[in-house]
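[1] Fold the stuff below for me.
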Amino acid sequence: MVLPTRSTENALAYRLPLSRTRLRQTSSAPINGSGILRPVRSDSTTIRQMRFEVLQNADLKLGHKALVLVLVPIIFEVLFVATFAGLLVQSQAETKREREARTILKHHQFMTTHLLLTGVFITKYELGGFHEKYLKRYEKTLNGINTEYTILERLVENNPLVLRNLKEFKVSLNGALEQLQEFRRLNESGQQLAALNNLAKLQTILPLLVERSATVVEHYDRIAKVSPLAQERVQDLMTFELIGGMILSVLLALWLARFFHATTVVRLDTLVDNILRLQTGKPLRPCLTGADEITDLDKTFHLLAEAITKSTDELMSSESRLRSVIEQMPTGLITLTDEATIETVNPQANAIFASRSEDLCGKPFGKLLSEDAGNIESSLEIMNRASEKTRLMKCKRVSGEELPIELTITDFTRDDHRGYLAHVQDVTERHEVERLKREFVAMISHDVRTPLASIKLTLELFAFGAYGSLSDEGVQRLLADERSCTNLMGLINNLLELENLESGKIVWEKRLVDLVHVIQLAAESVAMVARESRVTIDVDDITIQVLVDETRLLQVFTNLLSNAIKFSPPMSTVQVKAHETEEWVEIEFIDQGQGIPHSHHELIFDYFRQVEDSSRDRGFGLGLAICKLILAEHGGAIDVESEEGIGSTFLVRIPRKQSAGS
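    Residues are numbered from 1 along each chain as shown. Predicted coordinates for the structure are as follows:
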C-alpha cells in the first residue's frame, strides 16, 4: 500500500508529539501550519488600558499589592519557562525524528541490499555449477533480510501506516523469497526449464518490491530532510523568545515600578508631606482615597492632626490666659535656672526693680540683692534659705536704690531640669506701717501708760478718802472711772504684748511643767470671777508634762477660762479635759454658753474681733489673737467647735515633741 502524498509541512506536523488540539488545550499560543508554537503577541492597547486601570485602582490592601509585585513576575517567568520548555521539547522531538528516520533508512537500505544480493547469489549459484560458497552467501543474506525486517518492524511500530506498508512489503518479500527457494529446488532437481520460468516470475516480483521499498524510502527521506529545517525554525523561535522575554522582563519591571510608585510611593509621599505641613503649620492635603492601610493611616493622621491643632489652640489660649494672669499679678515673679540665673520676669517684677526684662534676664539673681546680703551668702544659699520659708530681705534697683522685699522661692522640674520660681513682694508700705505702729506703741508706752497709771492711782486715793471725804455718789463715780482706767491699761498691755510677740522681742523660757498645775493656776486666777458668775470649773485629774514657757501658757489658759466663764450662764460648769494622741497633747475648754456662729469660727482669732453680745461686757478682741501667737511659737494651734445655743469647745494643741515623753 502506498502512503498518501503530503506536503512538507503536513508530513512534519504528522510526526509532532503534540497535536494541534492538545496544544490549544495546554496553551493559548497559536500554532502555525507545521504545528510549531508561535510567540504570543498581546494587544498593546488592551495591555495599556489594563495597566492604567490597575494603576488607578487604589482599593488594594498593601498585602494584595505585595502579592501583585511578587506573583506577576512569577507568573511571567512560569509562562516563559513553559513556552521555552515546549520549544525545547519540539526541538528534541525533531532531532529524534531525524535520527529515527535515518536509522530506518539505513536498515531499509541494508534489507534492500540483502534482497538484491540474494538474487545475485542464487544466480551465481546456478551459473557457477552449484558451488557451495554461493549457497552459504545466499543463506546468510536471507537471514540478514529477516534480521533487518525485524529491526524495521520494531522501529516503525508507532507508525501504523508505515507499519502496514512494511507488512505488505514483507508479503511481497516472502513471495520473492519463495520464488528464489523454488528456483533453487528446481535447479538442484535438474528441471532447468521450470527453473527459468520461476526466475521469470521472480523478475516480475522484484520491481514491485523496489516500488514499495521506494515508497517507504521516500517517506522517511522526506522526514530526514524536513526535520533539520524544523529544528532550525524551532531554534529561531527559541532565540526570538529569549530576546522577547528579556524585553518583556524589562517592560514588566518598569510596569511594576510604576505600579508601586503610583499606588504606594506617591501615597506615602503625600503622608510625609502632610507631616511636614503639620510641623510647619500649613494646611494639610485632602485625605487619600482607597481602602488600603496607607489610607487608614492618612485618615488617622488627619484625626490626630485635628486633635493636635485643637489641643495646640487650647494650649495657646491657656498659655495666653496664664500669661495674662502672670502679667496682671500684683506679686513679682522671677523664674531662675538651677544656677540662679534669671530667665523670665513679669511686669510687676520689672516695676519692683525699676528695670526692663532684657536688663534682668541672664543675670545672676544675687545681683538684685543688697550688697550686704550678697557678701554674706551666695545666690544659691539665699535661694535654699528662702525655699524653707518667706524671708524679708533688701534688694537694690538698677539705680542703686534699696527697698525691702518679701522673698519666697519654690523649686520645680521642667524638661528633666530643675528650676526655681521667686515670689517677690514689695513691702515698703508694710514696713512704713510697722514703723508707724512701733512709734505708736512707743508713744503709748511712754506718753500714755505712765500718766494713765498716775491717774488710776489718784482715783484710788480719792476713792479711799486720802484727800478728804466724798459722798457715796462721788465714790461710786470714782470707782467707775478707776475701772475704766484699768480696762484702758489692759488694752495698752495687750497692744504691747502683741508688738513683742510679732517682733520677737520676748525671751521664751521653756521647761518641763505639769500640765495640770498650769491649769489649776489658771483656775485659781479666775476663781473669784467664777464665784461671782456662779460658774463651776471642773478640771480632769491628768498627769502630763509638757515643755513650754509656763508663764505664757498660763496666760493662754487664763484667757480661755475667763472667756468661758464670761459667756456661761449661772449654775453651769466649765470643763477642762486633756489627753494625748500620736502627735498632739490636746486640752479642751468646754462651756455651756450661747455658742459662736459658724461664720465667726475663724474670725474670732483675728485682731479686734469678738462675738457681739449686748448682755456681756465687751472687751477689745485681742485675747484670742494673743493666745494664737503664743501657741504658734510652741508649734501648736488653737481651734473652736461650737453650736449656737449649746456651747463652745476651744481645743488647744501642743506637739508631743514638746512633752516629756518625747
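
[2] low pLDDT regions in the stretch 251-400 of the chain?
    370-389 (pLDDT under 70).

[3] hmm, try it at 90
    For the stretch 251-400 of the chain, the stretches with pLDDT under 90 are 252-253, 255-400.

[4] Can you show me the strands along it?
    Ranges of strands in the stretch 251-400 of the chain, per DSSP state E, counting those that start in this stretch, are 332-336, 342-345, 391-396.

[5] can you put those in a markdown table and add distance to T83 and mean neighbour count?
    From N, CA and C alone the C-beta is placed, and that goes for glycine too. Below are those laid out as a markdown table (distance: least, C-beta to C-beta, whole Å; neighbours: other C-beta atoms under 10 Å):
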| stretch | distance to T83 | mean neighbour count |
| --- | --- | --- |
| strand 332-336 | 79 | 20 |
| strand 342-345 | 78 | 19 |
| strand 391-396 | 96 | 16 |
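
[6] can you redo these as a markdown table with distance to G647?
    Shown next, in a markdown table, are the strands of the stretch 251-400 of the chain (distance: least, C-beta to C-beta, whole Å):
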| stretch | distance to G647 |
| --- | --- |
| strand 332-336 | 47 |
| strand 342-345 | 54 |
| strand 391-396 | 42 |
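
[7] Quick one, which of those gets closest to K456.
    K456 lies closest to strand 391-396 among the strands of the stretch 251-400 of the chain, at 38.7 Å (C-beta to C-beta).

[8] what's the following helix or strand after that closest one?
    Counting by DSSP states H and E, the next helix or strand C-terminal to strand 391-396 is strand 402-414.

[9] Now do that next one: distance to the chain's middle.
    Centre-to-centre, strand 402-414 and its host chain are 39 Å apart (C-alpha atoms, centre = their mean, to the nearest Å).

[10] picking up where we left off before, nearest to E168, out of the strands of the stretch 251-400 of the chain?
    Using C-beta to C-beta, the nearest of these to E168 is strand 342-345, at 119.2 Å.

[11] strands paired with that closest one, and their directions?
    Neighbouring strands of strand 342-345 in its sheet, by DSSP bridges, are strand 332-336 (antiparallel).

[12] How about residues contacting stretch 142-152?
    Residues outside stretch 142-152 that contact it (C-beta atoms under 8 Å, 6 or more residues apart in numbering): I104, H107, H108, F110, M111, H114, L115, T118, L166, K170, L173, L177.

[13] Give me the distance between the fourth one and C395.
    Spelled out, it's F110. As for F110, its distance to C395 is 133 Å (criterion: C-beta to C-beta, to the nearest Å).

[14] what does H107 give?
    Taken as C-beta to C-beta, the span from H107 to C395 is 129 Å.

[15] same deal with T113?
    Taking C-beta to C-beta, one finds T113 at 137 Å from C395.

[16] need the contacts of stretch 142-152 in a markdown table with neighbour count, distance to E482 and pLDDT, can you?
    Formatted as a markdown table, the entries for the contacts of stretch 142-152 read as follows, by neighbours: other C-beta atoms under 10 Å; distance: C-beta to C-beta, whole Å; pLDDT from 0 to 100:
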| residue | neighbour count | distance to E482 | pLDDT |
| --- | --- | --- | --- |
| I104 | 24 | 166 | 80 |
| H107 | 18 | 169 | 79 |
| H108 | 23 | 172 | 76 |
| F110 | 16 | 174 | 82 |
| M111 | 25 | 175 | 77 |
| H114 | 20 | 180 | 76 |
| L115 | 24 | 181 | 73 |
| T118 | 22 | 185 | 73 |
| L166 | 24 | 170 | 74 |
| K170 | 17 | 176 | 76 |
| L173 | 23 | 180 | 73 |
| L177 | 17 | 184 | 72 |
